[in-house]
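Novice: Just to be clear, the model below is a prediction. Sequence and coordinates:
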Amino acid sequence: MRPRPTPDRRARCASLPLALLAVALALGACTAMPPTHFHSLMPDEVAPRTGAAARPAATLAIVLEPVRVPAQADQPQWVVRLADGSLAVLEQERWASALPDEFRAALLEELIVGHGAIDARTQPAPATPPWRIAIDVRRFDSVPGREARIEGSWLIQGSGASRAVASRCEWLLREPATASMTALAAAHRRAIARLADAVALVLARVARGEAPGCPALDERR
């Protein structure tokens with residue numbers, strides 16, 4: 001004779017379909033969520049520069065300091081500026097890594113591959129002391145359907161026994177972009193490439209013993 005189920009067993013059995021229903025609903029909710037897109041500031045490919053932004057005659061060693069970015073932009077999610085001036089956080093649009101790290105890695109790649117600089121922290125440096133480059137970003141704006149805008153300053157100075165300042169410049173970079181996030185990310189990459197060209201131009205002038213000046217960066221390509 002089969003034992004009769006106890007009240008506790010009957011309750012557990014009765015609740016089983018509800019539990020399965022809850023799991024099904026949870027899975028349905030998960031599959032209905034929009035996918036998360038990750039973007040990077042790293043360039044797809046960097047070509048050696050020619051012309052005004054060409055490599056300097058002598059290889060220059062550099063130390064690129066950690067890049068500072070505004071707190072409101074230093075988020076995993078994208079913070080975009082809307083037409084009315086307000087800000088929106090896009091949960092499904094994110095940077096591949098922390099924004100300061102993305103910015104620094106992209107700028108360093110442009111300087112090394114595009115302009116032949118040597119990263120003194122990872123590569124054997126020439127006899128001359130490296131130049132230290134500090135980038136301070138005050139604005140990092142993504143405006144869908146309009147532009148990517150980066151505004152800030154740089155400080156380039158010697159290292160070792162001599163810490164003389166070679167260049168201190170303010171700059172503004174603007175690149176047009178459509179409403180897509182992919183286009184905005186590409187616009188930011190173009191802006192950083194222009195920043196690398198300007199930094200390399202100043203370094204080349206310093207290497208030749210010329211006055212470095214501050215290249216004009218407030219015009220779009």
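Specialist: Good, I have the coordinates.

Novice: what's the distance between residue 183 and residue 100?
Specialist: Distance check for residue 183 against residue 100: by Cβ to Cβ, to the nearest Å, it reads 23 Å. Quick note: C-beta positions are derived from backbone N, CA and C, even for glycine.

Novice: cool, residue 134 as well?
Specialist: 12 Å.

Novice: Show me where the chain has its strands.
Specialist: 37-39, 61-64, 77-81, 87-95, 118-119, 131-143, 147-157, 165-176 (DSSP state E).

Novice: Poorly predicted segments of this structure, please.
Specialist: Confidence mapping of the chain against pLDDT under 70 gives the ranges 1-32, 50-58, 125-126, 160-162, 218-221.

Novice: How is it partitioned into domains?
Specialist: 1-33, 37-207 (automatic domain parsing).

Novice: Adding distance to residue 215 and mean neighbour count, write these out as CSV.
Specialist: Putting these into CSV (distance: least, Cβ to Cβ, whole Å; neighbours: other Cβ atoms under 10 Å) gives the following:
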stretch, distance to residue 215, mean neighbour count
domain 1-33, 45, 9
domain 37-207, 4, 17
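
Novice: okay, the ones you listed in a markdown table with distance to residue 217 next?
Specialist: Below are these laid out as a markdown table (distance: least, Cβ to Cβ, whole Å):
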| stretch | distance to residue 217 |
| --- | --- |
| domain 1-33 | 40 |
| domain 37-207 | 4 |
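
Novice: Please tell me how far residue 107 sits from residue 119.
Specialist: Counting by Cβ to Cβ, the gap from residue 107 to residue 119 is 11 Å.

Novice: anything in contact with each of these two?
Specialist: The contact sets of residue 107 and residue 119 overlap at residue 64 (Cβ atoms under 8 Å, 6 or more residues apart in numbering).

Novice: how about the nearest residue to residue 168, chain neighbours excluded?
Specialist: residue 155 (5.3 Å; Cβ to Cβ, 6 or more residues apart in numbering).

Novice: I'd like to know the beta-bridge partner residues of that neighbour.
Specialist: Listed by DSSP bridges, the beta-bridge partners for residue 155 are residue 134, residue 168.

Novice: wait, isn't it in contact with residue 165?
Specialist: Yes. With contact defined as Cβ atoms under 8 Å, residue 155 counts as touching residue 165 (6.7 Å).

Novice: thinking again about what came up before, can I get the strands of the chain in a markdown table with distance to residue 200?
Specialist: Below are the strands of the chain laid out as a markdown table (distance: least, Cβ to Cβ, whole Å):
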| stretch | distance to residue 200 |
| --- | --- |
| strand 37-39 | 25 |
| strand 61-64 | 10 |
| strand 77-81 | 29 |
| strand 87-95 | 25 |
| strand 118-119 | 13 |
| strand 131-143 | 10 |
| strand 147-157 | 11 |
| strand 165-176 | 12 |
